[in-house]
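Peer 1: Pasting a predicted model and its sequence here:
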Amino acid sequence: MQTVQTAKRGAIAILTIDNPPVNALAASLRADLKAAVESAASDAGIDAIVIAAAGRAFIAGADISEFGKPPVAPILPDVLDAIEGCAKPVVAAIQGAALGGGLEVALACHARVAAPAAKLGLPEIKLGIIPGAGGTQRLPRLVGAAKAFPMMLSGEPVSGEKALALGLVDEVSDDVVAAAVALAQRLAAKGAPRRTGEQEDRLTPEDRAAFEALALDATKKSGDMPNAMALVEAVRNVFTRSFAEGLAAERALFLKLVADERSKALRHVFFAEREAAKIPGIAPGTAERPIASAAVIGAGTMGGGIAMCFANAGIPVTLIEQQQAQIDNGINRVAAIYEMSVTRGSLTPENRDRRLALITPAVGLQAAAGADIVVEAAFEEMGVKQEIFSALDAIVKPGAILASNTSYLDIPTIAAATNRPQDVLGMHFFSPANVMKLLEIVRPTGVADDVVATAVSLARKLGKVPVVVGNGFGFVGNRMLEQRTRAAERLLIAGALPHEVDAALTGFGFKMGPFAMSDLAGNDIGWRTRKSRGKTAAVADAICEAGWFGQKTGRGYYIYPEGARAGERDPEVEALIACISKEQGVTRRSFTQAEILARLLDPMVNEGARILEEGIATRPGDIDIIWLNGYNWPAWRGGPMHWADSVGLDVIVRRLEEQAAESSDTALEPAALLRRLAAEGKTFSELKVRAA
Ligand code: 3HC
């Protein structure tokens, strides 16, 4: 099937790209587009060409699924040479997203018309690469390097209106094809087209100076990603090299980055995010229940944060507590957080007022009567939850969705307290709820499909990344986290120190290690949970028995001098740990950072494999998305299951066997799925997805 249709309007050829869903530049489209341009160029009855597109996107860029595979001719730069080199004017008619290679097609055209709301951008940086089809050379020539560089560094698109102001497009119109045809006619009357590659007037000494200042800043902040530096190098070439040399240098940098493991991980994340949006057994377009208002039960830190999510999305929400003093505290906490955003300049006072006005404080569950959805964020105890759900059952209107924000508890047991289990599910927010992107949507058997579909769609409206998971203790994220927490405690007893364990994780790319994190959250939280489950952890318990609850008490695994947020090593804690090792008859030994990392992460991967075996997560990619959005796993490491694939599952199995042999913890025995994949020489990414 042809992906480009040619129509003639007088002496103008209109080439319409149609490669659903988003007109990605797959090999077939590249070939069809080049052939269509060449055919129109050699047609004596044609004076000029318009490149337009069908569907919601103009062109979403290169076909990301082709990256890492052998190139298929014509490669994109060759298609763009044909466009830019065409003797007849070529005008792009951009009705929707023109991203990456899509914008590069438009840049190679001789003029551009965009719809006011079209999105134009070069988001390659987010995939660990840089533009590879002339973007770094043509965009600065059109808008100046000092404006082009930040666009490429952030990867954020601009609207058609903004693009006009920048000089990136020539016109903005609601009817882009008609406007492009008119412009093409005018250009044809003028004679030879003006090629972007030949324009140098924006590349002034002032522009270079401004670019160099931005480049210096970017160099300081580039962190672990090599592509920011490559971008600086490529853009600088517009001042120091010819256009052809600049294009060649850009392509070489692009190809090197595409082959880098970090870009591979980010591409995995791109597709995993989109896969996670597909819910097994629920057809896209399943009718949803209308959500015009919400209620949140419990105005603690979590409940307040959840209420803010609704208010931020413009959905009126009633925040409910048992007593006036509690709700006053809750509302004050919410107001203080909004105030902080106003002080920082990220929220206007008007928006603060608007959001606060959407949150109605109330005392007593009766206030939830009119809500379309109720999210319970009360005390984490089954009896409390059941009491609330049973009471809500008698209060809320038929068809209202009842969600629990529980982190661990069994949703069907909570649902059994009502006469409407089909309306009950889990919506597990992560702290701080108004900030963290992840939302685990817990789908117990028995919940209605439209309730799940509504929760997923609502999550998106709240700006969250929803991942549907099965019901089971700790669901996905916290269940895996528990394995890491146990591994960290084991490491301390075996000979490592808190700062060494934390350094292994920050060195890997996490913002914080497990002990710094526990000190921040409060060590007493885990202590209380362990006690309620009859569990112990020698070091963690001893720290809490000493009253060292973390930052809030000035001491935890680290000591926090007055006002300091970063902890310092605490000799007393280190002595306490050594003492516990001795009590347990362990001869302490030192661990390398690589050993520590493996001991922390391998048990998580193992638990992830069990979670997949049990069907609690649908796909390995879902687990990765959970860790990226809920636990700050570094995106360029792709998530725990992708990381395991990159290490090699046979390596993980061998290391787990070694650990299992020296420990009494049966959870360290490699999971059957992990063993099977390793034995077959396969990866998690090769797993067939169940019922997708
Ligand atoms: N390549 C391959 N597949 C793509 C794709 C791309 N560039 N862009 C989107 N898709 C696929 C998605 O995987 C999804 O597939 P699925 O239905 O099988 O899950 C489908 O198209 C629809 O995508 P979305 O769900 O994201 O659709 P939306 O309407 O929500 O968003 C969009 C549309 C804004 C265009 C968004 O898809 C997007 O941001 N795409 C990627 C843009 C991008 O990063 N482009 C740069 C690519 S790199 C490049 O061009 C290199 C060049 O310089 C040489």
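Peer 2: Everything's here; your move. Since this is a predicted model, take the numbers as computed values, not measurements.
Peer 1: can I assume Thr445 is in contact with Pro412?
Peer 2: Yes - the pair formed by Thr445 and Pro412 meets the contact definition of Cβ atoms under 8 Å, at 7.4 Å. (Each C-beta comes from the backbone N, C-alpha and C, glycine too.)
Peer 1: Give the closest residue to Tyr408 in space, chain neighbours not counted.
Peer 2: Here the nearest residue to Tyr408 in space, its sequence neighbours aside, is Gly474; by Cβ to Cβ, 6 or more residues apart in numbering that works out to 5.2 Å.
Peer 1: again, but for Arg195
Peer 2: Using Cβ to Cβ, 6+ apart, the nearest residue to Arg195 is Glu84, at 5.4 Å.
Peer 1: What's the per-residue pLDDT of the closest residue to the ligand within the stretch 151-300 of the chain here?
Peer 2: The stretch 151-300 of the chain approaches the ligand most closely through Arg274 (3.9 Å), counting by Cβ to the nearest ligand atom. The predicted local distance difference test score for Arg274 is 93.
Peer 1: Tell me the spacing between the closest residue to Ile297 other than its chain neighbours and Ala403.
Peer 2: If the residues on either side of it in the chain are set aside, Ile297 comes closest to Glu376, at 4.4 Å by Cβ to Cβ, 6+ apart. Distance of Glu376 to Ala403, computed by Cβ to Cβ, to the nearest Å: 7 Å.
Peer 1: One more: Phe475?
Peer 2: Spatial separation of Phe475 from Ala403 under the definition Cβ to Cβ is 13 Å.
Peer 1: and what of Ala36?
Peer 2: As judged by Cβ to Cβ, Ala36 and Ala403 stand 51 Å apart.
Peer 1: higher neighbour count, those two?
Peer 2: The residue with more neighbours, out of Ala36 and Ala403, is Ala403; 28 against 22, by other Cβ atoms under 10 Å.
Peer 1: List the contacts of the more buried one.
Peer 2: Each residue near Ala403 by Cβ atoms under 8 Å, 6 or more residues apart in numbering is listed here: Ile373, Val374, Val375, Glu376, Val424, Leu425, Gly426, Met427, Ala455.
Peer 1: that's a helix at it, yeah?
Peer 2: No - Ala403 is assigned strand when assessed by DSSP: H, G, I helix; E, B strand; the rest coil, not a helix.
Peer 1: Bridged to it, which residues?
Peer 2: The partner list for Ala403 in beta bridges (DSSP bridges) reads Val375, Leu425.
Peer 1: that older thread, tell me who's in contact with the residue nearest to Arg195.
Peer 2: With contact set as Cβ under 8 Å, 6+ apart, Glu84 has these partners: Val90, Ala108, Cys109, His110, Arg195, Thr196, Gly197.
Peer 1: burial count for the fourth one?
Peer 2: Counted with other Cβ under 10 Å, the burial measure for His110 works out to 23 neighbours.
Peer 1: so it touches Pro193, yeah?
Peer 2: Yes - counting by Cβ under 8 Å, His110 sits close enough to Pro193 to count as a contact (3.8 Å).
Peer 1: hey, what's in contact with both of those two?
Peer 2: Pro89, Val90, Leu187.
Peer 1: Just give the closest residue to the first one, not the sequence neighbours.
Peer 2: Spelled out, it's Pro89. Leu187 (3.8 Å).
Peer 1: where does the closest residue to the ligand within the stretch 401-550 of the chain land in three-state SS?
Peer 2: With Cβ to the nearest ligand atom, the shortest gap between the stretch 401-550 of the chain and the ligand falls at Arg460, namely 9.9 Å. The three-state label for Arg460, taken from three-state DSSP, comes out as helix.
Peer 1: List the buried residues for the helix or strand encompassing Val651?
Peer 2: Secondary-structure element containing Val651, defined by DSSP states H and E: helix 649-661. Applying a neighbour-count criterion of 16 or more other Cβ atoms under 10 Å, the buried positions in helix 649-661 are Leu649, Ile652, Val653, Arg655, Leu656, Gln659, Ala660.
Peer 1: Repeat that for stretch 167-174.
Peer 2: Of the residues in stretch 167-174, those buried under the neighbour-count criterion (16+ other Cβ under 10 Å) are Leu168, Val169, Asp170, Glu171, Val172, Ser173.
Peer 1: Would you mind confirming that the third one makes contact with Cys109?
Peer 2: No - counting by Cβ under 8 Å, Asp170 sits too far from Cys109 to count as a contact (10.0 Å).
Peer 1: okay, how far is it across stretch 552-563, tip to tip?
Peer 2: Between the opening and closing residues of stretch 552-563 there is a gap of 10 Å (Cα to Cα, to the nearest Å).
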